[in-house]
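>>> Next one to model:
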Amino acid sequence: MELFKGIRLVVARLILNQRLKRTRRNKKFNNLRHSHKIGIVWDGSNIADFEAITSFYHEMLKRNIQVDIICYYPKIILPDQYTAIRYLTCIKKTDLNWFYIPQSNDIDEFIHTPYEILIDINNNNYFPVKYITVLSQAEFKVGAENLSYRDKIDMTIKINRKNDPVYYLEQVKYYLEMINTGA
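Residues are numbered from 1 along each chain as shown. Now for the predicted structure:
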């Protein structure tokens, strides 16, 4: 049990809201056909999801789309699958400050990169994933409808199969390919 978790999260939300007020981003509808750079913020607590994320990554590479992935793993030691992978940046509990805010140059760089599309995969509504997604400079943010911060997402997708990343990413691809950007 973590000491003062509720109070720490309240303060963390206040800090996030203050930083969000100072943040400006260029919102723009983007689709997969015209995108060149995608960011993914992923709750990596379920190691079995890694295969779906990797498969999506390789599919995007075949389409000549660069993908950067940030993974939040809510424990102290990373699983072997998450280490030494060039396209995956992992943060763990020890990379957070007392208010659950990620403290890393990689995270700051990810937040300030203007991705054309940001895909949020946060099955457990972890605050560090929320923090990165909400502050991201991405032009178009996609996430599940059940997120506590869905009002900060540009497009939400309602999925019936909770915690099924394969199905979720299929739906994300389907809807992102449907968007007509006028290009």
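>>> longest helix in the protein, by residue count?
Using DSSP state H, we find that the single longest helix of the chain is helix 5-21.
>>> How far away from the center of its chain is that helix?
18 Å (Cα atoms, centre = their mean, to the nearest Å).
>>> can you pull the contacts of the residue most central in space within the chain?
Closest to where the C-alpha atoms of the chain average out (Cα atoms, centre = their mean) is Val41, at 1.9 Å. By Cβ atoms under 8 Å, 6 or more residues apart in numbering, the contact list for Val41 reads 70, 72, 110, 118-122, 129, 132-133, 136. For the C-beta atoms, the positions are set from N, CA and C on the backbone; glycine is no exception.
>>> In CSV, list the C-alpha atoms belonging to stretch 152-165.
Extracted in CSV, the C-alpha atoms of stretch 152-165 (Å, rounded to 0.1, in the frame of the first residue of the first chain):
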residue,chain,number,x,y,z
LYS,A,152,-8.6,15.5,-23.6
ILE,A,153,-8.6,13.0,-26.5
ASP,A,154,-9.6,14.1,-30.0
MET,A,155,-11.2,10.7,-31.0
THR,A,156,-12.4,8.1,-28.6
ILE,A,157,-13.2,4.6,-29.6
LYS,A,158,-15.8,2.5,-27.8
ILE,A,159,-14.7,-1.1,-27.5
ASN,A,160,-16.6,-4.0,-26.0
ARG,A,161,-13.6,-6.2,-25.6
LYS,A,162,-11.9,-4.5,-22.6
ASN,A,163,-8.2,-5.1,-22.3
ASP,A,164,-7.9,-6.7,-25.8
PRO,A,165,-5.1,-4.7,-27.5
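>>> for Cys90, what are its contacts?
Per Cβ under 8 Å, 6+ apart, neighbours of Cys90: 44, 70-73, 78, 82-83.
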